[in-house]
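Student: Structure for the following, please:
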Amino acid sequence: MDVRRCIALLGGSFDPVHNAHVALGAYFCRLLHPDELRLIPTGNPWQKSPLQASAADRVEMLRLAFEREPVPVMIDQQEIQRRSATYTIDTLRAIRAETGPETSIAFLIGADQLQQFDTWKDWRELFDLAPICAASRPGFSVDAAHMPAEVACEFSRRVATPDQIRDTPHGLTHIAANLAVDVSATAIRAAFQHGGQPDSLIPPAVLDYIKLHHLYRS
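Tutor: Okay, here's the model as predicted:
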């Protein structure tokens, strides 16, 4: 019997990429054993402030941050290449069309995103395109009481094991409550702008790149 292909998908502004991003990707790589970790830097994120680093800089920082992952890593630039606002639903539709109906596309998010999940465009349709995996973050609970009621209902009725996530193309959810890395890209940018060097929050190679290219300085 053929083994189903699994892609772990991690999107974000990555402005800059930091240790929490790396920890989230590494955690689900250990949990799901995907065939590929695909990173998708946003182009024009409609729910966030304008990006500070260029697309080219963010792509290079991603490459440096994830160069030692135990699974193949791909940086997918489709959202950067879009001229319109970036919506997750469009990205997942494109990846589903690319990979076919049988691939498991495990979409990875943090608890902070889970708490506003019902504001995402066509959020209910996301379950028809990918298993959705959420991880805890300090200050953001993954308990049902801290999610919008409709989101909690959808997640609770679809809960599955990591093995089921890997072997199912879409429709399932998994919530990991034991990942606790608290890093904020906003706080990192503010530290740089005030002359600080948040060395412990950023992969060393990324920190070197930021210093070399004088990013996030006012």
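
Student: Sketch out the low-pLDDT regions of the protein for me.
Tutor: Scanning the chain for pLDDT under 70 picks out 1-3, 44-49, 137-145, 180-186, 194, 218.

Student: Please, where are all the helices along it?
Tutor: 19-32, 55-65, 78-81, 88-99, 111-114, 149-157, 162-166, 185-193, 204-212 (DSSP state H).

Student: who wins for proximity to Ile105 among those helices?
Tutor: Of all these, helix 88-99 sits nearest to Ile105, with 5.8 Å by CB to CB. C-beta coordinates here come from the backbone N, C-alpha and C atoms, glycine included.

Student: Show me what that closest one is in contact with.
Tutor: Here helix 88-99 makes contact (CB atoms under 8 Å, 6 or more residues apart in numbering) with 5, 7, 9, 11, 38, 40, 76, 78-79, 82, 103, 105, 107, 120-123, 125-126, 129-130.

Student: ok, and for that helix, which residues are buried?
Tutor: Neighbour-count burial for helix 88-99 flags Thr88, Ile89, Asp90, Thr91, Leu92, Arg93, Ile95, Arg96, Thr99 (criterion: 16 or more other CB atoms under 10 Å).

Student: Nearest to Leu201 among those?
Tutor: Using CB to CB, Thr88 is the member of the buried residues of helix 88-99 that sits closest to Leu201, with 25.4 Å.

Student: Run through the residues that contact the nearest residue to Phe127 once chain neighbours are set aside.
Tutor: Counting by CB to CB, 6 or more residues apart in numbering, Phe127 lies nearest to Gly171, which is 5.6 Å off, once chain neighbours are set aside. Residues in contact with Gly171 (CB under 8 Å, 6+ apart) are Phe127, Asp128, Pro131, Arg158.

Student: ok, now which ones touch the third one?
Tutor: Pointing back at Pro131 there. Contacts of Pro131 by CB under 8 Å, 6+ apart are 104-107, 160, 165, 168-174.

Student: re earlier: using neighbour counts, give me the buried entries of the contacts of helix 88-99.
Tutor: Buried among the contacts of helix 88-99 by 16+ other CB under 10 Å: 5, 7, 9, 11, 38, 40, 76, 79, 82, 103, 105, 107, 120, 123, 126, 129-130.

Student: So which of the residues you listed belong to strands?
Tutor: Per DSSP state E, strands hold the following members of these: Ile7, Leu9, Gly11, Arg38, Ile40, Ile105, Phe107.

Student: Just send the residues you listed back as JSON lines, with distance to Glu60 too.
Tutor: Shown next, in JSON lines, are those (distance: CB to CB, whole Å):
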{"residue": "Ile7", "distance to Glu60": "22"}
{"residue": "Leu9", "distance to Glu60": "20"}
{"residue": "Gly11", "distance to Glu60": "17"}
{"residue": "Arg38", "distance to Glu60": "17"}
{"residue": "Ile40", "distance to Glu60": "15"}
{"residue": "Ile105", "distance to Glu60": "25"}
{"residue": "Phe107", "distance to Glu60": "24"}
